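Asks: what's the 3D shape of this:
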Amino acid sequence: MPFKLNNNPYASFGATLARDEEQNLWSTPHDVTHTEADDDRVLYNMIVVRNQLDKDSEEWQKLNYDIYTLRQTRKEVRSRWKHILENLGFQKEADSLLSVTKLSIISDSRNMSKARDILLKLSEETNIFPTSWELSERYLFVVDRLIALDAADEFFQTASAVYPKRPGGDRADEGPRPPQSVPAVP
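Replies: Residues are numbered from 1 along each chain as shown. Here you go, the predicted model:
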């Protein structure tokens with residue numbers, strides 16, 4: 001009996017991984033929110049446009065760099081949030097507190113205003129977000145969860161201590177810098 005490659009259940013495994021990575025805009029496997037928020041749509045549109053360009057073109061290289069930089073910035077911001085959550089004793093819950101899907105809801109509509117205020121305060125008074133960062137709806141849900149756990153004020157205090165702004169209002173860290181050679185990203 002001749003060997004047939006298409007009978008191999010693992011034959012398309014690499015293609016599946018590449019396709020999953022293409023949708024993996026938040027660098028979290030199987031994140032279903034990749035087109036739910038405005039910043040996700042921006043990244044998705046950048047990927048679509050880049051994929052239509054010739055890989056040797058200057059436009060492709062620029063878009064690839066922008067996509068890489070945005071993803072690295074998102075990873076860094078998420079890492080900062082996770083670090084603070086773990087410092088507050090949420091080692092086991094940190095990933096689930098940071099997980100936001102299209103099914104996520106605000107626990108109490110009265111918390112929405114308070115969550116927005118805290119998120120804005122985090123942006124203005126700490127270095128948890130890079131200066132170029134536009135506040136993400138994703139972190140509004142995280143702050144809402146912290147309010148429900150009565151940990152939002154403590155989170156802010158810890159963020160202020162761990163990621164303070166420099167005197168004069170400048171950020172201590174402007175975010176990740178891409179390496180000299182930016183790898184092609186899906």
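Asks: worst-scoring helix or strand of the chain, pLDDT-wise?
Replies: helix 13-23 (a mean of 44; mean pLDDT, DSSP states H and E).
Asks: Who are the contact partners of I147?
Replies: S107, N111, K114, A115, I118 (CB atoms under 8 Å, 6 or more residues apart in numbering). Quick note: C-beta positions are derived from backbone N, CA and C, even for glycine.
Asks: State the distance from it to K121.
Replies: In this view, I147 and K121 are 13 Å apart by CB to CB, to the nearest Å.
Asks: Show the low-confidence segments of this structure, by residue range.
Replies: 1-39, 102, 166-186 (pLDDT under 70).
Asks: biggest helix in it by residues?
Replies: If you go by DSSP state H, the chain has its longest helix at helix 58-87.
Asks: same for that one, what does it pack against?
Replies: helix 38-51, helix 94-98, helix 152-162 (3 or more CB pairs under 8 Å, 6 or more residues apart in numbering; DSSP states H and E).
Asks: which of the residues in that helix are buried?
Replies: Residues of helix 58-87 classed as buried: 60, 63-64, 66-74, 76-78, 80-85, 87 (neighbour count, 16 or more other CB atoms under 10 Å).
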